[in-house]
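Peer 1: Predicted model follows, preceded by the sequence.
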Amino acid sequence: MEEEIDVTLAEDEQSNLHDSDSVQEKPIDDSHKKKEEPVEKPEEIVQNTPKMLNNPDEWFKAIKWSGNPFILNIIPELFVGYRNQSEELLRLAREKHKIIMLIGPTGSGKTTLLEWLSKNMDDRFDFLFIGKPPQKPEEFVDVFNERYPRIFRKLKNMYQIPNFLNKRLRSRHLIVLYDEAHESKMDVLEWLRVLSDQVDNMSIIIAGLPVFEEHLAKLETLRKRVMGKIELVSLTKEETENLVRKRIQNVGGSGEEFKELIGAIYSMSGGFPREIIKVCNDVINESMKTGRPLTKELIQHESTKEELKVSLRFLEELSPMQREIIEMLVNPMTPGQIANNLDLAKYKSRQHAVRSMNNILKRLMDDGLVGRAKEDRAYLYQLSPSIRSIVVKA
């Protein structure tokens, strides 16, 4: 009987838990214990972030960033990757070689590497950064007058430059960082060669796209004076992750917010620093617009296989027809459009030409050089990011 009464009381207590007549247990005083606040993971922060089309500041505040880490700017302190190349450039510069050449596709990090070099040399070295080649040799007068301003006796012509620099520099060594060299005219490059010969304490680092080597072949006097050549191609997947992490940490993030997206970012960008930054910025914009979390679903990318890391001279390994098609695909095209740009006289008909293009494009896709996307009833073919960056000439 007592057992039945006990059970009934227990049931009554459960059903009348909030009634004033119910039996209450004395609350345990645990106020002395330190309460642990829940730690939000980066993905949880963005998961709960609403759409903020007109207020990106609120989005960055929600994810606890001070701003957008993927603004397309040059930050030498965040330079990553190219360890062998950067060490080689440092060595050549410290040894004071006269002319050094830095070659790489568009967006591969040449300008950032030049800026990084200027931050990592001791005070025995002066630097002059020429971001855009002069249109004519006479413009070097203005370049050096601005770098070494004087109240009286400014340089009046380019023939005064060597003597002036030899007197001005003395024991210091000047490194001229000459960017976008592929845009230089031959007479301007020839004057660079004259300066390198006549100025004692000066080195010139010439940076440009791979096509610059073709230009240099026409100027044998300068080409023979190049004592070191450094090539940049693209970052590895690990270096890509490091670049993304460092940029995010630079604005106060943990650096892990994009961890799930690295594979897709690397595939889409081909490992080229500028493309990596652009893809990451697109991801942020998409998350802002849709309110969706930072996951790989934000990136729409289809490829037959992961893009391969290729040599700057990969074009030399292709057949003439493959190379012609690769160069045409700097802009996306259908097989029919490609055929229209060919000499159809060598084919039985236009249909045979299109069929041949399809076969060649399939092989290029299998090699990871080309990708495609469906557009209406046709496929639009385009170069993979890594190949496009190498082929583009400006």
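Peer 2: Sure, I can see it.

Peer 1: Could you tell me how many residues sit around S254?
Peer 2: For S254, the neighbour count with other C-beta atoms under 10 Å is 13. No exception for glycine: its C-beta is placed from N, CA and C like everyone else's.

Peer 1: likewise Q135?
Peer 2: Considering only other C-beta under 10 Å, Q135 is surrounded by 11 other residues.

Peer 1: With L90 instead?
Peer 2: Burial of L90 is recorded as 14 neighbouring residues (other C-beta under 10 Å).

Peer 1: mean confidence for the helix or strand where it lies?
Peer 2: Assigned by DSSP states H and E, L90 belongs to helix 83-94. Across helix 83-94, the average pLDDT comes to 95.

Peer 1: Point out the other helices and strands that it packs with.
Peer 2: strand 99-103, helix 110-119, strand 202-208, strand 226-231 (3 or more C-beta pairs under 8 Å, 6 or more residues apart in numbering; DSSP states H and E).

Peer 1: Mind doing that once more with 10 Å?
Peer 2: Counting contacts by 3 or more C-beta pairs under 10 Å, 6 or more residues apart in numbering; DSSP states H and E, helix 83-94 is packed against strand 99-103, helix 110-119, strand 125-130, strand 173-178, strand 202-208, strand 226-231.

Peer 1: now the ones you listed in CSV, with mean pLDDT, mean neighbour count and distance to L192?
Peer 2: Formatted as CSV, the helices and strands packed on helix 83-94 follow (pLDDT from 0 to 100; neighbours: other C-beta atoms under 10 Å; distance: least, C-beta to C-beta, whole Å):
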stretch, mean pLDDT, mean neighbour count, distance to L192
strand 99-103, 96, 24, 8
helix 110-119, 94, 20, 16
strand 125-130, 95, 17, 10
strand 173-178, 97, 22, 7
strand 202-208, 96, 24, 6
strand 226-231, 94, 16, 11
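
Peer 1: Adding distance to T295, write these out as TSV.
Peer 2: Below are the helices and strands packed on helix 83-94 laid out as TSV (distance: least, C-beta to C-beta, whole Å):
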stretch	distance to T295
strand 99-103	37
helix 110-119	29
strand 125-130	40
strand 173-178	40
strand 202-208	37
strand 226-231	35
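
Peer 1: Report the contact partners of G255.
Peer 2: By C-beta atoms under 10 Å, 6 or more residues apart in numbering, the residues touching G255 are 42, 69, 241-242, 244-249.

Peer 1: Just the closest of these to F79, please.
Peer 2: K246 (9.0 Å; C-beta to C-beta).

Peer 1: so what pLDDT did that closest one get?
Peer 2: Predicted confidence (pLDDT) for K246: 96.

Peer 1: Doesn't it belong to a helix?
Peer 2: Yes - note on K246: a helix contains this position according to DSSP: H, G, I helix; E, B strand; the rest coil.

Peer 1: ok, it touching P76?
Peer 2: No - using C-beta atoms under 10 Å, K246 is not in contact with P76, being 12.0 Å away.

Peer 1: L189 is nearest to which of the helices and strands packed on helix 83-94?
Peer 2: strand 202-208 (8.3 Å).

Peer 1: can you confirm Y379 is in a strand?
Peer 2: Yes - counting by three-state DSSP, Y379 is part of a strand.

Peer 1: Wait, it touches I338, no?
Peer 2: No - using C-beta under 10 Å, Y379 makes no contact with I338, being 11.3 Å away.

Peer 1: what residues do those two have in common as contacts?
Peer 2: Common neighbours of Y379 and I338 (criterion: C-beta under 10 Å, 6+ apart): 358, 361.

Peer 1: Between the two, point out the one with more neighbours.
Peer 2: The neighbour comparison of Y379 against I338 (other C-beta under 10 Å) goes to I338, with 21 against 14.

Peer 1: Need the pLDDT of the more buried one.
Peer 2: Looking at I338, its pLDDT reads 85.

Peer 1: and the closest residue to G255 other than its chain neighbours, what does it touch?
Peer 2: Sequence neighbours aside, R245 is the residue nearest to G255 in space, at 3.7 Å (criterion: C-beta to C-beta, 6 or more residues apart in numbering). When contacts are counted by C-beta under 10 Å, 6+ apart, R245 touches 69, 78, 80, 253-259, 262.
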